[in-house]
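Chemist: take a look and give me a structure for this.
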Amino acid sequence: MPIQPDQQPGLMKGRHDPAQGLPNKDKLMWLGALQEFLGQAWLSNPVNQSNPLVQLWDRLDWGASCELLTFGRALAGMRGASSKSWLEDHARRMRGHDLSGARGSAFEILLASMFATEQQQVHLPPPSEPGYDLTVAVPSGKRLRVSCKALAPSQYDSSLRSSARRAFALLRESLLPGSALHLAMQSSEGKAALPAANQLLNFARGYQTLAFGGISRMSAGAWNVTVFPLRRLHNAPFSAERVSLGISVFVHSHDDRQKRFCDKIDEACANLSEYFPSASSQEGAIVAMRIPEEISMSMAVAYTHESGLDRHPSICAVFLFRTQVCANGVDIALGHEFKIVTNPGAQFPLTDYAPSNTLAVSMLFGYVLGAIPFDTPALPSYVSPIPAASHAFERQHHHYVSHYRGSHIQAEPPPHQLGLSCDWTFLGRKRIDVKFMSCVPDRDLTLL
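Modeler: Take a look at the predicted model:
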């Protein structure tokens, strides 16, 4: 039976534990490494309560625990005299109020820890060394300089997500108790503003009156909106006292997203080339970039190929890294994706340094997408497929059921096939925390 949050020891106490199969001593060590890195006094100082990292530390939900354990594990693996000044410099940056800068520092630390394997050694430059962030000694005995870049979500994608959540909140507050609806919205063009929340509410109310139990569609500007019954949990009746609701938003690709991506790649390549203008047979260079959730990995690979990478001959490859909360219909986890895009115009190709044309990566916490059947969940089969040019990046589902006839509720995994972002399920008026220990009330990642 899962351990209750209040029964967890030490720094895990009260936390939803996303890794109950791992030893507690390891998890406590990782959280301790993070507490030491940022400073216990700084984390507990009320003056710093508005800092996103303090807020992440204070949260006890599944998503926060995943991030803290992941980052803490990376820090624990980087301890040593050679990394002390490097880590102290990043800690100073992360204690500021620049979230983009904090994410950049976190990515450098995560990447250094991931590249530090039995086959590879990571060498850390002095703080603020221009041009590159770390060096990897590969099994061939050669070296690769690495420039790390973290691409932040665009203003449009961030505002669209906020709009979707405002609409979700309005529908959940305004629909009649007993409602159990799912709205799916798909844009037909780039950078379209989401329909007004009141317009979506009126459409949902009209569906309840005229087409309840079926499927109803409408067009609202560039958006196609579909509403249909919310899928049941194990055929359990929905509560008549609560609103059960699902929202999915699918955004069409747009030119500005590609431009931001390509500009970031080009900037990193140009900066690295300035201080490393000519590769040698013994030392090359790569750019490593963290991709935000709204850009799929396949889209990022295509963008990289079109970014003019071949104009930078000293760069042999781009290493792409992406993390998101994902599900496989049974379980939920952090999912990580890795891709290497080689530079066709490189002076020395990546195979000169790494004959297998790849780099070893030590996983920290979570799963590699593609290695096991974890992926973002699809819409129910009775909704038309979403074009490849669109990417689902906002989902929320809240389910309330009146009763459950199963006998194994305590041990059953959460019903994440119904959605990635749900708060809890009620059996009547009783909240079942054990069943939903792993639910994600807010699946936005702060650092990863």
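
Chemist: low-confidence ranges in the stretch 251-400 of the chain?
Modeler: Residue ranges of the stretch 251-400 of the chain with pLDDT under 70: 326-332, 370-400.

Chemist: now the helices for it?
Modeler: Assignment of helices within the stretch 251-400 of the chain using DSSP state H, counting those that start in this stretch yields the ranges 255-275, 297-305.

Chemist: next one: the shortest one to chain centre, how far?
Modeler: So that's helix 297-305. With C-alpha atoms, centre = their mean, to the nearest Å as the basis, helix 297-305 stands 17 Å off its chain's centre.

Chemist: equivalent analysis for the longest one, please.
Modeler: On the basis of C-alpha atoms, centre = their mean, helix 255-275 is displaced by 22 Å from the centre of the chain it belongs to.

Chemist: in that helix, what counts as buried?
Modeler: Using 16 or more other C-beta atoms under 10 Å as the test for burial, helix 255-275 gives 257-258, 260-262, 264-266, 268-269, 271-273. All C-beta spots, glycine's among them, are computed from the backbone N, C-alpha and C.

Chemist: what's the answer for stretch 59-67, then?
Modeler: Of all the residues in stretch 59-67, those buried under the rule 16+ other C-beta under 10 Å are 59, 61-67.

Chemist: got those residues as TSV, with distance to residue 337, pLDDT and secondary structure columns?
Modeler: Formatted as TSV, the buried residues of stretch 59-67 follow (distance: C-beta to C-beta, whole Å; pLDDT from 0 to 100; DSSP: H, G, I helix; E, B strand; the rest coil):
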residue	distance to residue 337	pLDDT	secondary structure
59	25	89	coil
61	23	77	coil
62	20	76	helix
63	18	80	helix
64	22	87	helix
65	21	89	helix
66	16	89	helix
67	17	93	helix
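
Chemist: export those residues to JSON lines and tack on distance to residue 18?
Modeler: As requested, the buried residues of stretch 59-67 are exported to JSON lines (distance: C-beta to C-beta, whole Å):
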{"residue": "59", "distance to residue 18": "13"}
{"residue": "61", "distance to residue 18": "10"}
{"residue": "62", "distance to residue 18": "5"}
{"residue": "63", "distance to residue 18": "9"}
{"residue": "64", "distance to residue 18": "10"}
{"residue": "65", "distance to residue 18": "5"}
{"residue": "66", "distance to residue 18": "5"}
{"residue": "67", "distance to residue 18": "10"}
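
Chemist: and which of the residues you listed is nearest to residue 134?
Modeler: Distances from residue 134 to the buried residues of stretch 59-67, taken as C-beta to C-beta, are shortest for residue 67 (21.5 Å).

Chemist: return the residues in contact with that closest one.
Modeler: 56, 445-448 (C-beta atoms under 8 Å, 6 or more residues apart in numbering).

Chemist: so can I have CSV of the helices of the stretch 251-400 of the chain showing distance to residue 349?
Modeler: What follows is the helices of the stretch 251-400 of the chain, written out as CSV (distance: least, C-beta to C-beta, whole Å):
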stretch, distance to residue 349
helix 255-275, 16
helix 297-305, 15
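
Chemist: show the end-to-end separation of stretch 143-163, please.
Modeler: Terminal residues of stretch 143-163 are spaced 46 Å apart (C-alpha to C-alpha, to the nearest Å).

Chemist: sorry, slip of the keys, the one I care about is stretch 232-246.
Modeler: Per C-alpha to C-alpha, stretch 232-246 runs 11 Å from first to last residue.

Chemist: make 18 the first number, not 1, from now on.
Modeler: Sure, I'll start counting at 18 from here, so that last one is stretch 249-263.

Chemist: and the average pLDDT for it is what?
Modeler: Averaged across stretch 249-263, the pLDDT comes to 72.

Chemist: ok, stretch 174-192 next?
Modeler: So the average pLDDT for stretch 174-192 ends up being 87.

Chemist: which positions in it come out as buried?
Modeler: Neighbour counts using 16+ other C-beta under 10 Å place 174, 177-178, 180-182, 184-185, 187-189, 192 of stretch 174-192 among the buried residues.

Chemist: re the thing from before, now for the buried residues of helix 272-292: which two are most distant?
Modeler: Using C-beta to C-beta, the buried residues of helix 272-292 span at most 24.9 Å, a distance reached by 274 and 290.

Chemist: where along this protein do the strands fall?
Modeler: Here the chain has its strands, by DSSP state E, at 138-140, 151-154, 160-167, 197-204, 233-237, 240-246, 261-269, 300-308, 332-344, 349-359, 384-385, 407-415, 443-444, 447-448.

Chemist: so what strands line up beside the fourth one?
Modeler: It stands for strand 197-204. Sheet partners assigned to strand 197-204 using DSSP bridges are listed as strand 240-246 (antiparallel), strand 261-269 (parallel).

Chemist: so which of the ones you listed comes closest to residue 142?
Modeler: strand 261-269 (38.2 Å).

Chemist: how far away is the closest residue to residue 69 other than its chain neighbours from residue 142?
Modeler: Once flanking residues are discounted, residue 69 sits nearest to residue 116: 5.2 Å by C-beta to C-beta, 6 or more residues apart in numbering. For residue 116, the distance to residue 142 equals 24 Å [C-beta to C-beta, to the nearest Å].

Chemist: can you check residue 120 too?
Modeler: Per C-beta to C-beta, residue 120 is found 20 Å from residue 142.

Chemist: repeat for residue 175
Modeler: Residue 175 sits 32 Å away from residue 142, taking C-beta to C-beta as the criterion.

Chemist: can you pull the contacts of the spatially most central residue of the chain?
Modeler: Closest to where the C-alpha atoms of the chain average out (C-alpha atoms, centre = their mean) is residue 341, at 2.7 Å. Residue 341 sits next to 310, 351-352, 393, 462 when contact means C-beta under 8 Å, 6+ apart.

Chemist: doesn't residue 169 make contact with residue 281?
Modeler: No. If you go by C-beta atoms under 8 Å, residue 281 and residue 169 don't touch, sitting 9.3 Å apart.
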